[in-house]
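> quick one, structure for this:
(one chain, ligands or ions: 2)
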Amino acid sequence: MGIAGVGARTGGCRRIQRSRIPGPQNAERRIILPVANPFSFGSPVRGDQFGDRETETRFLVRRMTGGQNVVLTSPRRYGKTSLLLRAVEEARRNHGARVGVASLLRCSSRREVAEETTRAVVDGALGWMVGTAEQISDRLRRLPRVMPTLEHEGWRFSLGPGGQEQDFLADIRRPIDLLADSARDGRPVCLVLDEFQQVAEIDEHLGGFWKTVIDDLPGVSLVFSGSRRHMMERLFVGTGAALKNAAEPMSLEVIPESDLVPFLRARMASAGRELTESAAQLIYRLVRGIPHFVQLLAAAAYDDDVELVDEAVVRSAMVQVLTRQRADLAARYEALPTNQRKLLRELSREPGRDILSARWLLRSDLAKTSAERARDALRDAELIELDGTVGWRVADPIFERWLRHGLDLDLGESIDPSSIG
Ligand SMILES: Nc1ncnc2c1ncn2[C@@H]1O[C@H](COP(=O)(O)OP(=O)(O)OP(=O)(O)O)[C@@H](O)[C@H]1O
Ligand SMILES: [Mg+2]
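Ligands and ions are numbered 1, 2, ... in the order given. Predicted coordinates for the structure are as follows:
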């Protein structure tokens, strides 16, 4: 059915409203207003796109403003960055905190970590890049090797040429010392390091360096966040971990169904459509409640342009998502060696805890050492995750469903929506 009963499909970003326009015949006219899809995925969400996470936000704000350290972990796409940004916003607004947010995702050397940390502190936490040119250069004299340039995405802070590995540690340290100094006026200070698992890839001593920062600057709250749990564990947990007991662990789970279902229904209603409760529950369950995929599937259901989004619409949206992503999903699968493919396929049918047991080896048709190697490689590539309740499973629920429903389809054959359960 078309929107507002007009019979026609209207395109993904339009809503048709009826209005009574005064005139000789008091004629009914249709006004077409563009309405953006109320669901958002792909980038961290803010404002009314951000649902729930109140308890987690409160906890983080308390730690950020209390000089304590936290290590936040979850698999990819659970909403770590969105949560951090929400907590940073609140810590700044309600507590006057000076908070810098660095993302180490694109850092592959100490130099780049120093540049990103400088940007986070100088531009984000201290707000130094506002004021007259003289004021700015006066402040930057305290960072002698830093050269700021204004680019179209904002300020970029490069370090001068040359420098030994040891110098770069001093370059990382200098802006953090400035941040710590700024706490003299009583305002809380915090540095958030998102995608911190990257540190383990850069060099083995970098973890120990952050431990000295923690030990030397107890007043600064450091929030470490990362997705590759085993990498983060290597840095924070177990014997020999450089940052053992240096930060309070916080493991981010999916948003509970009882919170996300009303959020989805309210978002849909904000765009003038109804999402039934059972359809919202189905969205949640089909993608295991992982926030990114929940929003992606809800967005696809919205794109179906029907006034009432029920379970049939959700199933058909799932088929559309799988069909749209088919080439990418197939390429992802085909890029893997045979042993990894075998294990992944089996895990898509049924998650498993003891995947090196005789039963599992028989199922996956693998020798124990091959299965072990395949498991570790798939885990390192974040293609599988160890789930506390069911054991190892395919991390991406869309990939999992495609392996289950789409992998064996012949060319041109399409997935039957009723098989999506
Ligand atoms: N609180 C939330 N409410 C609603 N949707 C959310 C929430 N948090 C995250 N999402 C959804 O999940 C997506 C991923 O969020 P985000 O980038 O914060 O996750 P992440 O854990 O940092 O991911 P990555 O591990 O890839 O860095 C968002 O684009 C959004 O669709
Ligand atoms: Mg993130």
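
> how many neighbours does whatever residue of the stretch 1-150 of the chain ends up closest to ligand 1 have?
Residue nearest to ligand 1 within the stretch 1-150 of the chain (CB to the nearest ligand atom): residue 79, separated by 2.7 Å. Backbone N, C-alpha and C define where each C-beta goes, glycine included. Around residue 79 there are 24 other residues, counting by other CB atoms under 10 Å.

> for residue 388, same thing?
Residue 388 is flanked by 7 other residues according to other CB under 10 Å.

> isn't residue 379 right next to residue 230, touching?
Yes: taking contacts as CB atoms under 8 Å, residue 379 lies within contact range of residue 230: 6.4 Å.

> which of these two has more neighbours?
Neighbour totals were compared for residue 379 and residue 230, and residue 379 leads with 17 against 14 (other CB under 10 Å).

> contacts only, for that one.
Neighbouring residues of residue 379 by CB atoms under 8 Å, 6 or more residues apart in numbering: 230, 385, 386.

> in which helix or strand would I find it?
helix 368-380 (DSSP states H and E).

> and that helix, average pLDDT?
For helix 368-380, mean pLDDT is 95.

> and that helix, which residues are buried?
370, 371, 373, 374, 375, 377, 378, 379 (16 or more other CB atoms under 10 Å).

> from those, which are also near ligand 1?
Of the residues in the buried residues of helix 368-380, proximity to ligand 1 by CB under 6 Å from any ligand atom holds for none.

> which member of the residues you listed is positioned nearest residue 170?
Distance to residue 170 across these (CB to CB) is lowest for residue 379, with 35.5 Å.

> mind checking how far that closest one is from ligand 1?
15 Å (CB to the nearest ligand atom, to the nearest Å).

> of all the contacts of residue 379, which comes closest to ligand 1?
Among the contacts of residue 379, and counting by CB to the nearest ligand atom, the member closest to ligand 1 is residue 385, at 11.6 Å.

> how many neighbours does that closest one have?
20.

> my read: it touches residue 397, true?
No: using CB under 8 Å, residue 385 makes no contact with residue 397, being 10.7 Å away.

> how far out from the middle of the chain is stretch 377-395?
17 Å (CA atoms, centre = their mean, to the nearest Å).

> ugh, wrong one, stretch 76-92
That offset, for stretch 76-92, works out to 9 Å (CA atoms, centre = their mean).

> contacting residues around that stretch?
Taking CB under 8 Å, 6+ apart as the rule, stretch 76-92 contacts 44-46, 50, 53, 56-57, 60-61, 64-65, 72-74, 97-99, 101, 103, 188, 190, 192, 194, 223, 225, 227, 252-255, 290-293, 382, 395.

> over to stretch 310-322?
276, 278-279, 282-283, 286, 296-297, 300-301, 303-304, 306, 329, 398, 401-402, 405-406, 414-418, 420.

> again, but for stretch 401-421
By CB under 8 Å, 6+ apart, stretch 401-421 touches 286, 312, 315-316, 318-319, 322-323, 325-326, 329, 333, 344-345, 348-349, 394.

> near ligand 2, which residues of this structure? Just list them.
80, 81 (CB under 5 Å from the ion).

> which intervals of the chain have sub-threshold pLDDT?
The model of the chain has pLDDT under 70 over residues 1-34, 411.

> in it, which residue sits closest to ligand 2?
residue 81 (3.2 Å; CB to the ion).

> check which residues of the helix or strand hosting that residue are buried.
Using DSSP H and E, the element containing residue 81 is helix 80-95. By 16+ other CB under 10 Å, the buried positions in helix 80-95 come out as 80-92, 95.

> just to revisit the earlier point, and the contacts of stretch 401-421, which are buried?
Looks like the contacts of stretch 401-421 have 286, 315-316, 318-319, 322, 325, 329, 333, 344-345, 348, 394 buried, using 16+ other CB under 10 Å.

> tell me the phi and psi of the residue most central in space within the chain?
Nearest to the geometric centre of the chain sits residue 77, at 3.8 Å (CA atoms, centre = their mean). Dihedral pair for residue 77: phi 70, psi 20, per degrees, to the nearest 10.

> from the contacts of stretch 401-421, which land in strands?
Secondary structure from DSSP state E places residue 394 of the contacts of stretch 401-421 in strands.

> put the buried members of the contacts of stretch 310-322 into a ChimeraX selection.
The command below creates a ChimeraX selection of those among those that count as buried (16+ other CB under 10 Å):
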select :276,279,282,283,286,296,297,300,301,303,304,306,329,398,401,402,405,406,415,417,420
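
> what's the offset of the longest helix seen in the chain from the middle of its chain?
Longest helix of the chain, by residue count under DSSP state H: helix 165-182. Offset of helix 165-182 from its chain centre (CA atoms, centre = their mean): 28 Å.

> show the contacting residues for residue 280.
Counted by CB under 8 Å, 6+ apart, residue 280 has contacts 260, 261, 264, 265, 298.

> no wait, residue 98
92, 125, 126, 179, 182, 183, 187, 188, 189, 190.

> for it, which non-adjacent residue is closest in space?
Among residues not flanking residue 98 along the chain, residue 125 sits closest, at 4.3 Å (CB to CB, 6 or more residues apart in numbering).

> how many neighbours does the one you found have?
Neighbours of residue 125 using other CB under 10 Å come to 25.

> now do the contacts for it.
Here residue 125 is in contact with 98, 99, 100, 179, 182, 189, 190, 191 (CB under 8 Å, 6+ apart).

> so the fifth one sits against residue 127, correct?
No: when contacts are counted by CB under 8 Å, residue 182 is not listed as touching residue 127 (10.0 Å).

> and these two? Which one has more around it.
residue 182 (16 against 11).

> and the more buried one, how far from residue 280?
45 Å (CB to CB, to the nearest Å).

> look up phi and psi at the residue nearest to residue 199 when sequence neighbours are not counted.
Of all residues not flanking residue 199 in the chain, residue 206 sits nearest, at 4.7 Å (CB to CB, 6+ apart). Phi and psi for residue 206, reported as degrees, to the nearest 10, are phi -70, psi -30.

> the one 3 residues further on too?
Summarising the backbone geometry of residue 209 under the convention degrees, to the nearest 10, its torsions are phi -60, psi -40.
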